[in-house]
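> Structure of the sequence below:
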Amino acid sequence: MGIVLKGYDSATARAVAIKVLAPVWASNPISRERSLREARAVAALSDEDILPIFSVDDDGSYPFIVMPFIDDETLEQCVQRRGPLKIFAV
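Below is the predicted model:
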């Protein structure tokens, strides 16, 4: 449902992942609000299996979240290696 970009946060001197809502969903106001609401809910969680969210915002064109950039295996590779992920109820 989105696009992930690698960015650089000059204020903290660290690489970040910027997850942007895909254009097809960003044009829908309900999808935009749902995306931001879900990102804020995840930002409130704390678990070793959940990456922290540094920022949740909407630049007027696309809602986005900023989180740590992890240069590692893909989600598909992780699931193949570890098995299904935990399910969290929010």
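> report the longest helix in this structure, please.
Determined from DSSP state H, the single longest helix within the chain is helix 29-43.
> now for that one, which elements pack on it?
Of the remaining helices and strands, those touching helix 29-43 by 3 or more C-beta pairs under 8 Å, 6 or more residues apart in numbering; DSSP states H and E are strand 14-21, helix 23-26, strand 55-58, strand 63-68. All C-beta atoms are positioned from the backbone trio N, CA, C, and that covers glycine.
> Off-centre distance for it?
11 Å (C-alpha atoms, centre = their mean, to the nearest Å).
> likewise stretch 66-86?
On C-alpha atoms, centre = their mean, the centre of stretch 66-86 falls 13 Å from the chain's centre.
> Same question for stretch 36-47.
10 Å.
> Please apply the same query to stretch 19-38.
Mean C-alpha position of stretch 19-38 versus that of the full chain (C-alpha atoms, centre = their mean) differs by 12 Å.
> contacting residues around that stretch?
Stretch 19-38 is contacted by residues 1-5, 56, 58, 61-67 when judged by C-beta atoms under 8 Å, 6 or more residues apart in numbering.
> farthest-separated two in those?
For the contacts of stretch 19-38, the maximum inter-member distance is 19.6 Å, found between 61 and 67 (C-beta to C-beta).
> neighbour-wise, which of these two wins?
residue 67 (20 against 11; other C-beta atoms under 10 Å).
> So that one sits against residue 56, correct?
No. With contacts counted by C-beta atoms under 8 Å, residue 67 stays clear of residue 56, the gap being 9.8 Å.
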